[in-house]
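Engineer: Just a sequence and a predicted model for now, questions to come.
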2 protein chains.
Amino acid sequence: MTSRLRKAFFFSLLEAKLDTSGNKRTTIHDLAAAAGVSISTASKALNNTGRMGDETRKRVKRIATEMGFRPNAMARGLLSKRSFTIGLLTNDTYGRFTLPVMAGVSDALLDHGVSVFLCAIEDDPALGQTHVEAMLDKQVDGIIASGKRVDKRLPVDLSNLQVPVVYAFTEGTPDSVTFRSDDAQGARLAVEWLRKLGRRHIVHVTGPEAFFSVRERAAAYREVAGEIEPVMYGIWAESWGHEAVQRIWTRPGGKPDAIFCGNDQIARGVVDALRERGVKVPQDISVVGFDNWEIVAGQTRPPLTTVDMCLKELGRQAGLTVLAMAEGRPVEPGVRKLPCRLVVRQSCGAENLEE
Amino acid sequence: MTSRLRKAFFFSLLEAKLDTSGNKRTTIHDLAAAAGVSISTASKALNNTGRMGDETRKRVKRIATEMGFRPNAMARGLLSKRSFTIGLLTNDTYGRFTLPVMAGVSDALLDHGVSVFLCAIEDDPALGQTHVEAMLDKQVDGIIASGKRVDKRLPVDLSNLQVPVVYAFTEGTPDSVTFRSDDAQGARLAVEWLRKLGRRHIVHVTGPEAFFSVRERAAAYREVAGEIEPVMYGIWAESWGHEAVQRIWTRPGGKPDAIFCGNDQIARGVVDALRERGVKVPQDISVVGFDNWEIVAGQTRPPLTTVDMCLKELGRQAGLTVLAMAEGRPVEPGVRKLPCRLVVRQSCGAENLEE
DNA sequence: TAATTTTGAGAAAAGGTTTTTTCTCTTGAC
DNA sequence: GTCAAGAGAAAAAACCTTTTCTCAAAATTA
């Protein structure tokens, strides 16, 4: 029996004895004792650092697995000044935009061992402040601010924090990093698709002109729609889709052969109103939505062809960026527009028309 | 100049000098130096523990505020073995159920300084395992498992964890604490409301019989509906609502004067189908939904009267419970059913009928 | 063979806080 | 004038891990 092994034996007895007192977490101390090495050697073995015999390293790793040892993140963080934690701040209570963003962030960071605090502040500055302070107390490595509108700030000041901040789908401060979708490109995608299908008279029914996204999409529509009509601004609701159809069909003049809607809810209202009028979608008219909100786009009859803003990808990039900043890697400030993609379902009649 | 003040002066100079190197966080050490007291005194002053002069305590607190000192959660957690952090595990990607639960949890725990990790595992056992391990690494004080169905387990084993686990809107292990809504009571609420409005012939159109909630709601329907018809089981989709109306109106026999639907989507399908048939809601027939999913219930024409499962309250209670367990307070295991409430909108014609 | 390098592994410090223990005064009583 | 009590505050230990430093032994070179 070598000295090392004897020591290991002695320690494991000792530990076994102590262990009866309570079911404490196994620490690196226990691991070192069980493996018959010093704490430092155990640490180095696990982290693939330092110098030691190959056999020692393997043995420590094996025993660590057997014991189910997992290093205490707090002790580790105390030293490294990293918590491997970030905060996701949002004022989107429905989760329409935040959940996909969250999924992307989480997906990107999980591999790096980073977990995400979700903090929903519902346009309440006091609540926002409280959440931010809680996050700072928890030593988050960074914060992602997310919203439901790219031209509105969150009701909380993140400008002088000592942790990196990235904005995703919400307006950021001038010198910050901001991710948003490319609304103009998305709108072009939709309108060009309609034109490719042979549609020539395209109407744009959308949300309030006060929204930046609305203006961007409208500008793109005007740019590529060919035969242009005044953009119909309204609200983000099915009822507006209904009303818009009502207006179009009661006014004099020709009827459109396509309607490009500002979001899926409006599109759904439009489709329902058209059906009630006996206008066939997609045979008589094509309708395209925006957002790809499954629950709306998928349940519409027929299911909506719509523009997807790839929010998960947006979240992924925001996550990687805030991580890079937390690790001190240089990140260029500015607004990054991410491309949208078109999701083809049946409201434009692609299959029929392409044959 | 007293000794204490001289010391404070010396230290603050020293600190000022050191501070030029980098913008480190102010620690309790800095605070103690600035206040001219020892670290332990500073700690006790802030935590209202120990003995010291009233003046000293106040001075330390004042200086702490001035310096913007916030204790390092990791150092604190290392000692107290509490991270003031819990994990919320969910497989509900839409967030239909999880977001309200999350809001409640967060709301309940924010006052206690506890933050929430949201971990979305999409029915992927490997992903679930990874998230759970990440949470354990981060030393969460507890875990809330949440789902989209009360009779299904999350695809991850939480039974032998050394942290407390509470189940919310998902099935738990036998000896665990589980929160769920009282589906039977909710269904009774709906049907009793219809009867109170004078409806006598009530049909129940609902989701798949395999769902426990469906069976509970159906049983309650049979119990209080008076004139009973066979429950119409189907799927959770608008299309099923359409089809059900089609079936009811094409079969021989009298037509119902009320339809109690298993969820809001089905109810919406029903309402739309009725309108298309020229049957007036709520004049000719009352429709009531289940879930109170704003985006569906509110956009239906007319807006749906529906049963709200009070998921936020459910989350709140789950949060407080897991906190109690984390603090070692005794918690009785078992299934806790929380009452639902009826949200009256216009699909039952309450106003008209009550006059 | 003596001197030098390499290898393997332990000791110790650091990180920021809380808690327990210890120390130093002051004050009042005998 | 000595003691005891007690207040006020400092010192030290503890929490768990990583990292740097040190040291002994083995291997290599001169």
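Structural biologist: Right, received. Where do you want to start?
Engineer: Now the stretch 51-200 of chain A against DNA strand D: closest residue?
Structural biologist: A:Ala75 (3.0 Å; C-beta to the nearest atom of the strand). Every residue, glycine included, has its C-beta placed from N, CA and C.
Engineer: Let me know the secondary structure of the nearest residue to that residue once chain neighbours are set aside.
Structural biologist: For A:Ala75, ignoring the flanking residues on the chain, the nearest one in space by C-beta to C-beta, 6 or more residues apart in numbering or on different chains is B:Leu78 at 5.5 Å. For B:Leu78, the assignment made with DSSP: H, G, I helix; E, B strand; the rest coil gives helix.
Engineer: What spatial separation is found between the residue of the stretch 51-200 of chain A closest to DNA strand D and DNA strand C?
Structural biologist: To DNA strand C, A:Ala75 is 4 Å away according to C-beta to the nearest atom of the strand, to the nearest Å.
Engineer: Next, count neighbours for that residue.
Structural biologist: 16 (other C-beta atoms under 10 Å in any protein chain shown).
Engineer: Surely it forms part of a helix?
Structural biologist: Yes: checked against three-state DSSP, A:Ala75 lies within a helix.
Engineer: List the contacts of the residue nearest the centre of chain A.
Structural biologist: Centrality entry for chain A: nearest residue to the mean C-alpha point is A:Val101, 1.1 Å, by C-alpha atoms, centre = their mean. Shown in contact with A:Val101 (C-beta atoms under 8 Å, 6 or more residues apart in numbering or on different chains): A:Leu88, A:Thr90, A:Ile144, A:Ser146, A:Ala168, A:Phe169, A:Leu311, A:Lys312, A:Leu314, A:Gly315, A:Ala318.
Engineer: one more time with 10 Å, if that's ok
Structural biologist: Listed by C-beta atoms under 10 Å, 6 or more residues apart in numbering or on different chains, the contact partners of A:Val101 are A:88, A:90, A:92, A:95, A:144, A:146-147, A:168-170, A:179, A:309, A:311-316, A:318-319.
Engineer: Just the ones of those in strands?
Structural biologist: The members of those that map onto strands under DSSP state E are A:Leu88, A:Thr90, A:Ile144, A:Ser146, A:Gly147, A:Ala168, A:Phe169, A:Thr170, A:Phe179.
Engineer: For the residues you listed, which entry has the maximal number of neighbours?
Structural biologist: A:Ala168 (33 neighbours).
Engineer: Quickly list what it is bridged to.
Structural biologist: Going by DSSP bridges, A:Ala168 is paired in beta bridges with A:Ser146, A:Phe179.
Engineer: correct me, but it touches A:Phe179?
Structural biologist: Yes: the criterion here is C-beta atoms under 10 Å, and A:Ala168 meets it with A:Phe179 at 4.7 Å.
Engineer: intersection of neighbour lists for these two?
Structural biologist: Common neighbours of A:Ala168 and A:Phe179 (C-beta under 10 Å, 6+ apart) are A:Val101, A:Ile144, A:Ser146, A:Val150, A:Leu311, A:Leu314, A:Gly315, A:Gln317, A:Ala318, A:Thr321, A:Arg336, A:Leu338.
Engineer: ranges for the strands of chain A?
Structural biologist: A:85-90, A:115-120, A:142-149, A:165-170, A:177-181, A:202-206, A:232-233, A:258-261, A:286-290, A:305-308, A:334-338, A:341-343.
Engineer: what's the angle from the third one to strand A:115-120?
Structural biologist: What it means is strand A:142-149. Following axes from the mean of the first three to the mean of the last three C-alpha atoms, to 10 degrees, one obtains 40 degrees for the angle between strand A:142-149 and strand A:115-120.
Engineer: Kindly format the C-alpha coordinates of strand A:142-149 as CSV.
Structural biologist: Taking C-alpha atoms only, strand A:142-149 is exported to CSV below (Å, rounded to 0.1, in the frame of the first residue of the first chain):
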residue,chain,number,x,y,z
GLY,A,142,-24.4,41.4,-18.4
ILE,A,143,-27.9,42.6,-19.2
ILE,A,144,-30.0,42.2,-22.3
ALA,A,145,-32.8,44.7,-22.5
SER,A,146,-35.7,43.5,-24.6
GLY,A,147,-39.1,45.0,-25.5
LYS,A,148,-42.0,44.8,-27.8
ARG,A,149,-41.2,47.8,-29.9
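Engineer: Flag the least confident of the shared contacts of A:Ala168 and A:Phe179.
Structural biologist: pLDDT is lowest at A:Val150 among these; the value there is 92.
Engineer: now the closest residue to that one other than its chain neighbours: how far from B:Met52?
Structural biologist: Excluding the flanking residues, the one nearest A:Val150 by C-beta to C-beta, 6+ apart is A:Arg180, at 4.6 Å. Using C-beta to C-beta, to the nearest Å, A:Arg180 is found at 53 Å from B:Met52.
Engineer: Please say which of those two ends up with more neighbours.
Structural biologist: For A:Arg180 versus B:Met52, neighbours defined as other C-beta under 10 Å are more numerous around A:Arg180 (21 against 14).
Engineer: Contacts only, for the more buried one.
Structural biologist: Contacts of A:Arg180 by C-beta under 10 Å, 6+ apart are A:150-151, A:167-172, A:212-213, A:309, A:314, A:335-338.
Engineer: Let's see that with 7 Å instead.
Structural biologist: The contact partners of A:Arg180, taken as C-beta atoms under 7 Å, 6 or more residues apart in numbering or on different chains, are A:Val150, A:Phe169, A:Val335, A:Lys337.
Engineer: for A:Ala134, same thing?
Structural biologist: Per C-beta under 7 Å, 6+ apart, neighbours of A:Ala134: B:Leu110, B:Gly113, B:Ser115.
Engineer: my guess is A:Leu110 contacts B:Thr130, does it?
Structural biologist: Yes: between A:Leu110 and B:Thr130 there is a contact under C-beta atoms under 7 Å: 6.3 Å.
Engineer: how many other residues sit next to A:Pro125?
Structural biologist: 12.
Engineer: what's the spacing between it and B:Met102?
Structural biologist: From A:Pro125 to B:Met102 the distance is 21 Å (C-beta to C-beta).
Engineer: now A:Thr98
Structural biologist: 11 Å.
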